[in-house]
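[1] predicted structure and sequence below. I'll ask about it afterward.
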Amino acid sequence: MSLRDHLVDVRPLREIPAFRAFWIGTTINGFGSQLSSFALLYYVWELSHSALIVGLTGVVRAVPIVVGGLVGGILADRMNRRTLLLCTRVIQLVSAVALAAVVFAGWANVPIIFVFTAIGSGLGSIAFPAAQTFAPRLLDGERLSGGLALMRLSSQVAALAGPFAAGLIVAQWGVAVCLAVDAVTFIASLWGIGALPKDAAMPEAASGDGKEGRGILSSVTFLFRTPVLLGAFATDLNAMVLAMPIALFPVINAERFGGSPATLGLMVPAIGLGGILAGVFSGRITKQPRQGVVMVVSCAIWGVGVALFGLSGWLPLALFGLVIAGAADTGTVVSRGTIVQRTTPDALRGRMNSLDFLVGAGGPSLGDLRAGTVASLTSGSVSAWIGGIACVIGAGVIGAAIPSLRTWRADAADTAHAADRAQVADTAESDVVGESEDRSAAPSRAASDATLAAAAGRENSADGTAGGAPA
């Protein structure tokens with residue numbers, strides 16, 4: 001087994017030009033978002049010098065995130081996803097330019113910053129479900145897992161490099177320059193979206209029996225009648241709610257490591273470092289067909305890493321525990337994304353992505369609440385290792401209680417999904433609003449896939465056969 005087999009699978013970037021452009025644009029824009037997030041938090045502190053007002057920034061983001069995520073999921077299953085993404089990114093670009101201009105002019109105050117923060121969070125949440133649908137439309141088979149790993153890797157790099165670069169920019173040139181750079185990165189995002197083929201932009205027609213429906217409740221119904229999805233969501237919530245350590249960092253730092261800000265500053269990057277390492281060496285993980293097993297094992301390893309962090313009084317070992325946890329988190333995120341994208345029919349994919357987004361956003365908040373509550377009754381260290389052990393136990397219980405999660409295979413899911421698509425293509429009528437307004441019968445799946453493959457520039461797979469239908 002060569003080293004290349006363990007490295008991140010770059011075939012999606014090498015073989016699918018549309019995905020490559022979309023990934024580059026998303027990566028650059030994600031870096032810009034990290035710049036603006038850091039700059040705005042710093043600016044709110046500079047304007048108010050109030051920890052309470054800085055904390056309210058999270059509340060200002062939370063409501064638009066929830067509302068936008070739900071609305072975005074519904075819109076992504078009703079209209080042209082490429083158009084939806086382009087429109088939201090253009091409005092975000094205008095908003096970012098306006099915010100940078102206000103700060104440059106010295107007109108900004110806390111309420112104005114909060115208004116722009118809410119607008120940015122809401123628009124980003126509306127765009128998220130649609131943005132997540134393109135990878136499964138462009139990538140087939142194990143390339144989807146590789147593509148999701150690449151997306152995760154880029155977000156981890158942005159999360160590490162963005163705040164560091166923002167600190168340097170703010171110190172040298174000021175907050176407004178950070179915001180201006182963020183605005184420019186939306187141009188890269190628009191370029192990447194423009195490279196997406198039109199065939200990948202329209203939701204597949206809902207089946208004639210109407211099971212997909214039109215509202216968010218349809219996705220909830222589908223979730224509860226699909227045990228493997230329930231297991232995937234439950235596993236993620238188990239990890240985040242029982243063993244989210246971030247709220248404990250300042251507590252444990254004060255309890256065991258002298259309370260130095262320099263020491264505290266090593267903890268979040270340790271998790272990010274683990275995520276980057278796991279992303280770089282994700283090749284063997286993404287090629288595993290039993291992604292449910294990967295998710296359960298990764299969840300348990302996350303718990304082990306958090307428990308090690310809580311138990312260790314030696315800083316290098318504690319940080320090593322966080323590196324382990326960060327690596328496991330990448331495994332959990334990639335495997336969950338693979339299961340969700342390859343199990344969900346395209347007609348429901350926008351709404352399922354919105355549920356996935358809400359779980360990913362809400363789980364850490366509940367985890368911080370649990371961690372802080374237990375720490376107030378015991379100590380930060382106890383809260384961490386108890387949560388880590390509980391997470392390991394919970395992963396075992398979920399794996400035992402939901403056999404379909406353990407036995408789920410990506411190749412079997414592709415076969416079943418292809419059969420379902422063929423049936424949909426034979427019986428469906430268009431249930432979406434797209435670029436055309438005639439609401440005509442959906443084209444045959446074979447023709448649609450052929451056009452999509454040509455537009456995406458898909459090459460033959462390594463074994464010499466043509467790439468299968470996108471999952």
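    That came through, no problem.
[2] residue 247: neighbour count?
    Using other CB atoms under 10 Å, residue 247 is surrounded by 19 other residues. The C-beta positions use only the backbone N, C-alpha and C, and glycine is treated the same way.
[3] show me the contacts for it.
    By CB atoms under 8 Å, 6 or more residues apart in numbering, the residues touching residue 247 are 367-368, 371-372, 375.
[4] just the helices in the stretch 1-150 of the chain please.
    Secondary structure of the stretch 1-150 of the chain (DSSP state H, counting those that start in this stretch): helices located at 3-6, 11-15, 17-48, 51-76, 81-105, 110-131, 134-138, 142-172.
[5] sorry, that was for the stretch 201-350 of the chain
    Along the stretch 201-350 of the chain, the stretches classed as helices by DSSP H, counting those that start in this stretch are 216-224, 227-243, 249-256, 261-264, 267-280, 283-286, 291-311, 315-343, 346-377.
[6] how far out from the middle of the chain is the last one?
    Remark: helix 346-377 is offset 12 Å from the chain centroid, using CA atoms, centre = their mean, to the nearest Å.
[7] got it, and stretch 165-172?
    The gap between where stretch 165-172 is centred and where its chain is centred comes out at 26 Å by CA atoms, centre = their mean.
[8] same check on stretch 326-333?
    Computed by CA atoms, centre = their mean, the chain-centroid distance of stretch 326-333 equals 12 Å.
[9] could you do stretch 77-84 as well?
    On CA atoms, centre = their mean, the centre of stretch 77-84 falls 19 Å from that of its chain.
[10] C-alpha coordinates for that stretch, CSV please?
    Output of stretch 77-84 as CSV, limited to C-alpha atoms (Å, rounded to 0.1, in the frame of the first residue of the first chain):
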residue,chain,number,x,y,z
ASP,A,77,-35.8,22.0,-4.1
ARG,A,78,-38.1,24.4,-6.0
MET,A,79,-35.9,26.5,-8.2
ASN,A,80,-32.7,26.5,-10.3
ARG,A,81,-30.0,26.0,-7.7
ARG,A,82,-27.3,27.7,-9.7
THR,A,83,-29.5,30.8,-10.1
LEU,A,84,-30.3,30.8,-6.4
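[11] quick one: average pLDDT of that stretch?
    Stretch 77-84 shows a mean pLDDT of 91.
[12] list the buried residues of it.
    Residues of stretch 77-84 classed as buried: 77-84 (neighbour count, 16 or more other CB atoms under 10 Å).
[13] pretty sure residue 150 sits against residue 12.
    Yes - counting by CB atoms under 8 Å, residue 12 is a contact partner of residue 150 at 6.3 Å.
[14] common neighbours of the two, please.
    residue 23.
[15] now residue 390. Nearest residue, chain neighbours left out?
    residue 242 (4.6 Å; CB to CB, 6 or more residues apart in numbering).
[16] does that neighbour touch residue 303 like I think?
    Yes - here residue 242 reaches residue 303: they are 7.4 Å apart, a contact under CB under 8 Å.
[17] mind listing the shared neighbours of those two?
    In contact with both residue 242 and residue 303: 387, 390-391, 394, using CB under 8 Å, 6+ apart.
[18] if you rank these by neighbours, which is first?
    residue 391 (29 neighbours).
[19] ok so, going back, tell me the least confident of the contacts of residue 247?
    Scoring the contacts of residue 247 by pLDDT puts residue 368 last, at 83.
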